[in-house]
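> Let me see the structure of the following:
(one chain, ligands or ions: 1)
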Amino acid sequence: MPNSGTNTAGDSMTSSVCAMETEGGNNAEELAESQDVVSEMQRRCRIGPSGYPHLQKAKRLRFYRNGDQYFKGLQYALQTDRVKSMQPLMEELMKTIICDSTALPHGIRHIFTIDGTQRITSVDQFEDGGGYVCSSTDAFKQVDYSRAAEPNWRLTLANRYNRHLETKKLALSVVEPSNERTDFVFPRIIKVIRNGVKPRRISRHLLNKKTAKSFDQVLRDLTSVVKLDSGAIRKLFTLSGRQVLTLEDFFRDDDVFVAYGGNERMAADDLLVASEEHKWVAARTSKLRRMSRRHVMPNRNESLRQDRSGSVIPDQNEQRLPLELDGRFQLVRLIGDGNTAVVYEVIDKVNNDNRAMKVIAQENVIGKEHLIEMELAILQKIDHTFIIQLYESWFIENSFYLSLELIELGDLFEHLRRVNRVPERDAVRMMTCLGQALEYIHELGIVHRDVKLENLLIVKDDFGELGVKLADFGLATEMPQDCGVLTTLCGTPTYVAPEVLNKTGYGCKVDIWAAGVILYAILVGFPPFQSSDNTEQDLFAAILSGEFNFPSPSFDDISWSVRHLILCLIQTDPFLRYSAGELLRDEYIANLGDVDQEYEEWAHLFVRSKMHTGEEETPYEYYTSRRTSMDELSESAGAEFTFER
Ligand SMILES: Nc1ncnc2c1ncn2[C@@H]1O[C@H](COP(=O)(O)OP(=O)(O)OP(=O)(O)O)[C@@H](O)[C@H]1O
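Got it, this is the predicted structure:
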């Protein structure tokens with residue numbers, strides 16, 4: 001990177017445009033130009049030089065696997081104030097997709113500079129923007145790692161952002177390294193059969209503008225996914241026997257391909273799918289954006305927790321509290337019914353106050369009692385205006401009873417069902433409440449992990465303005481003390497962040513992703529990521545691709561400032577994603593949605609530069625910093641995506 005070394009708060013401030021735009025130019029003029037843009041962005045995003053000191057030391061690095069010419073590198077932000085020595089860094093890297101048992105059979109023991117001239121022995125030796133090679137042995141393998149890296153689809157400013165917005169235009173163009181046509185490319189999942197003894201291994205791979213830039217590049221990618229015994233893929237055939245010779249051949253009617261290396265003999269039988277393979281091949285291919293999406297809010301969401309199956313709901317006819325509580329509380333009505341709990345409105349006769357009583361039957365949490373203990377421990381620790389307050393708790397007759405602050409206006413899911421769309425002004429206030437609640441718990445090292453419409457309860461202030469309070473800490477947990485990351489797959493599908501699905505480790509930023517999904521959903525009445533065929537696989541593929549848009553006409557009357565905010569929240573790279581503090585300092589939120597025309601125009605240009613706005617269009621430039629493919633998903637989801645003999 002041209003500006004390495006002086007990693008200011010601003011360039012780590014992580015509005016993605018800054019990160020990408022500073023990435024390219026080598027000559028002085030271009031550098032000065034990009035720095036102009038960065039400072040303008042900093043000004044607009046209200047991030048001063050002293051802002052976010054914890055991010056100041058982040059060095060953006062790319063790690064490769066020793067000798068693996070097909071691995072495009074793992075982008076990694078090294079925070080030198082957090083990771084102070086090589087050992088924890090290597091341990092952290094081993095939890096990521098870089099750790100491949102073929103290329104790194106004994107894990108990561110050495111790290112080299114990309115040219116192999118130096119072995120890195122201290123984190124201080126890493127240079128911002130540099131590439132490094134992870135190895136199991138001390139023998140560096142000379143491979144053209146930077147060629148394996150994704151072609152540099154950097155965004156260049158054709159018309160630089162003028163400080164006074166003289167031209168009022170931010171034109172961005174895509175530099176494409178290949179001359180191949182790509183106008184036929186649309187997001188689709190292809191299935192590739194590794195030829196061999198049946199049943200054969202079948203991998204799914206996501207193709208879109210970002211992952212399908214040229215025929216050779218797709219072949220290289222597939223080689224690293226399919227892993228033929230004979231090495232690189234040399235030939236691919238459709239099941240109807242047509243050979244794939246151009247990039248466009250991947251986008252015709254067939255979506256199943258048989259892969260061959262150089263030397264195997266081909267047989268007609270190869271193109272016949274065995275019965276054991278059939279269900280993997282037949283799984284419907286999602287033409288993600290081409291299919292018409294149901295612009296509706298899905299049903300109330302079930303959390304991804306294993307303890308949810310077979311939930312027992314106490315007999316509602318009986319509706320009685322145990323004797324120990326019966327004298328003190330009087331049941332009024334059933335107000336909520338989640339996956340593990342039922343919630344009643346009760347009258348607390350001692351305090352002469354109406355409260356909520358959350359009842360969790362132990363049968364619903366067998367083997368997961370630690371989650372309840374954690375929920376109680378966390379609720380006892382926290383005290384915040386925008387978080388539901390816990391008053392007391394009991395464990396009686398195999399059930400947990402939690403006496404909570406009562407919220408009478410119901411949850412945001414029901415509210416949205418009634419109103420269809422929340423006006424921007426209300427949405428801003430709701431995001432402010434949520435942002436404050438998240439900033440508070442994140443500072444305490446707590447991650448909620450289940451932020452969703454159903455867990456935001458509606459409140460009204462003295463002026464009748466709507467806000468929300470965060471509820472249900474049933475999946476909340478504390479971040480590990482040792483600065484580690486969380487890996488448990490949990491959350492709720494519609495809101496789950498890509499890093500949770502990727503199993504590369506995650507932290508507090510998963511709550512911010514969910515906040516972005518919520519903001520999008522309340523403004524238009526449907527979430528940004530939906531499955532076109534109502535399957536979790538399809539939904540997760542959409543989330544991992546990170547591709548969403550602002551379809552017309554739903555978004556026609558939604559401001560560009562709020563769309564800009566959504567882009568900063570639903571950002572696949574957690575390091576680039578806003579923190580709760582940044583959310584609150586966003587110009588739009590800080591001004592309660594009352595921003596000036598100049599900012600709105602700037603936001604318009606920003607959003608337009610990041611994504612196309614039409615329903616059929618794909619925001620192909622947007623996610624240049626992170627490659628996610630179905631292979632990574634298949635690695636995380638195991639047999640759901642890959643059929644192994
Ligand atoms: N303090 C409260 N005041 C009013 N209603 C509440 C309160 N707490 C929960 N509810 C209602 O009860 C519903 C279920 O509560 P909660 O989300 O805590 O249960 P759960 O079984 O843990 O949920 P989930 O299905 O998300 O795991 C909420 O969606 C909300 O509508």
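
> Quick one: the helices in the stretch 201-350 of the chain, in order.
Assigned by DSSP state H, counting those that start in this stretch, the helices in the stretch 201-350 of the chain fall at 215-226, 275-282, 323-326.

> how close does residue 408 get to the ligand?
7 Å (Cβ to the nearest ligand atom, to the nearest Å). Every C-beta, even on glycine, is put in place using the N, C-alpha and C of the backbone.

> Could you report the neighbour count for that residue?
By the criterion of other Cβ atoms under 10 Å, residue 408 has 12 neighbours.

> Which residues are in contact with residue 140?
Counting by Cβ atoms under 8 Å, 6 or more residues apart in numbering, residue 140 touches 66, 112, 116, 133.

> And the nearest residue to residue 125 once chain neighbours are set aside, how close does it get to the ligand?
Leaving aside its sequence neighbours, residue 125 sits nearest to residue 118 (Cβ to Cβ, 6 or more residues apart in numbering; 7.5 Å). With distances taken as Cβ to the nearest ligand atom, residue 118 is found 51 Å from the ligand.

> doesn't residue 112 make contact with residue 118?
Yes - using Cβ atoms under 8 Å, residue 118 is in contact with residue 112, at 6.8 Å.

> What is the burial count for the residue of the stretch 51-200 of the chain found nearest the ligand?
As assessed by Cβ to the nearest ligand atom, the ligand sits closest to residue 95 within the stretch 51-200 of the chain, at 27.1 Å. Neighbourhood size, residue 95 [other Cβ under 10 Å]: 14.

> so where do the helices sit in the stretch 501-645 of the chain?
509-524, 536-545, 560-569, 580-585, 587-590, 597-610, 630-637.

> Going by mean pLDDT, which of those helices comes out lowest?
Among the helices of the stretch 501-645 of the chain, helix 630-637 carries the lowest mean pLDDT, at a mean of 28.

> Provide a list of residues in contact with the one residue in the stretch 301-450 of the chain that gets nearest to the ligand.
Proximity of the stretch 301-450 of the chain to the ligand (Cβ to the nearest ligand atom) peaks at residue 336, 1.7 Å away. By Cβ under 8 Å, 6+ apart, residue 336 lies in contact with 342, 343, 356, 358, 411.

> any idea which of these is closest to residue 233?
Looking at the contacts of residue 336 and their distance to residue 233, the nearest is residue 411, at 50.1 Å (Cβ to Cβ).

> For that closest one, grab phi and psi.
phi -100, psi 170 (degrees, to the nearest 10).

> Quick check, it in contact with residue 454.
Yes - Residue 411 lies in contact with residue 454 (Cβ under 8 Å); the separation is 5.3 Å.

> residues from the stretch 351-500 of the chain in reach of the ligand?
Counting by Cβ under 6 Å from any ligand atom, the stretch 351-500 of the chain comes close to the ligand at 356, 358, 388, 404-407, 410-411, 450, 454-455, 457, 471-472, 474.

> Quick check: the two most widely separated of those?
Farthest apart among these - using Cβ to Cβ - are 406 and 450, which lie 20.6 Å from each other.

> Going along the chain, name the strands of the stretch 401-550 of the chain.
Counting by DSSP state E, counting those that start in this stretch, the stretch 401-550 of the chain has these strands, from start to end: 446-447, 456-460, 466-470, 477-478.

> Out of those, which gets nearest to residue 540?
strand 446-447 (19.9 Å).

> The strands of the stretch 401-550 of the chain into JSON lines, with extra columns for mean neighbour count and mean pLDDT?
Converted to JSON lines, the strands of the stretch 401-550 of the chain look like this (neighbours: other Cβ atoms under 10 Å; pLDDT from 0 to 100):
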{"stretch": "strand 446-447", "mean neighbour count": "22", "mean pLDDT": "96"}
{"stretch": "strand 456-460", "mean neighbour count": "20", "mean pLDDT": "96"}
{"stretch": "strand 466-470", "mean neighbour count": "22", "mean pLDDT": "97"}
{"stretch": "strand 477-478", "mean neighbour count": "17", "mean pLDDT": "91"}
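
> of these, which approaches residue 528 most closely?
Between those, strand 456-460 lies closest to residue 528; by Cβ to Cβ that is 17.1 Å.

> still on that earlier bit, restricted to buried residues, select the residues of the stretch 351-500 of the chain next to the ligand in PyMOL.
With 16 or more other Cβ atoms under 10 Å as the criterion, this PyMOL line picks the buried residues out of those:
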select buried, resi 356+358+388+404+405+406+407+411+450+454+455+457+471+472+474
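
> Make TSV out of the contacts of residue 140 and add neighbour count, pLDDT and secondary structure.
Shown next, in TSV, are these (neighbours: other Cβ atoms under 10 Å; pLDDT from 0 to 100; DSSP: H, G, I helix; E, B strand; the rest coil):
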residue	neighbour count	pLDDT	secondary structure
66	23	85	coil
112	20	94	strand
116	16	90	coil
133	26	93	strand
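
> Identify the farthest-apart pair in the residues you listed.
Spatial extent of those (Cβ to Cβ) is set by the pair 66 and 116 at 9.2 Å.

> Between these two, which contacts overlap?
With Cβ under 8 Å, 6+ apart, residue 66 and residue 116 have common neighbours 133, 140, 141.

> Quick check: of those residues, which lies closest to residue 212?
residue 133 (26.6 Å).

> Next one, pLDDT for the most far-flung residue of the chain relative to its centre please.
The outermost residue of the chain, judged against the average C-alpha position, is residue 327 (47.7 Å), by Cα atoms, centre = their mean. pLDDT recorded at residue 327 is 88.

> same thing with residue 388?
Taking residue 388 on its own, its pLDDT is 96.

> cool, and the one 5 residues further on?
Turning to residue 393, the model gives it a pLDDT of 94.

> Checking my notes, it in a strand, right?
Yes - membership of residue 393 in a strand is supported by DSSP: H, G, I helix; E, B strand; the rest coil.

> and it, what are its bridge partners?
residue 402 (DSSP bridges).

> what's near enough to touch it?
Residues in contact with residue 393 (Cβ under 8 Å, 6+ apart) are 376, 400, 401, 402, 403.

> Including pLDDT and neighbour count, could those residues go into JSON lines?
Formatted as JSON lines, the contacts of residue 393 follow (pLDDT from 0 to 100; neighbours: other Cβ atoms under 10 Å):
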{"residue": "376", "pLDDT": "93", "neighbour count": "16"}
{"residue": "400", "pLDDT": "91", "neighbour count": "22"}
{"residue": "401", "pLDDT": "94", "neighbour count": "21"}
{"residue": "402", "pLDDT": "95", "neighbour count": "22"}
{"residue": "403", "pLDDT": "96", "neighbour count": "22"}
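
> Skipping adjacent residues, who's closest to the residue farthest from the centre of the chain in space?
residue 349 is the one closest to residue 327 (Cβ to Cβ, 6+ apart), at 7.7 Å.

> same question, residue 422
Nearest non-adjacent residue to residue 422, counting by Cβ to Cβ, 6+ apart: residue 522, 4.1 Å away.
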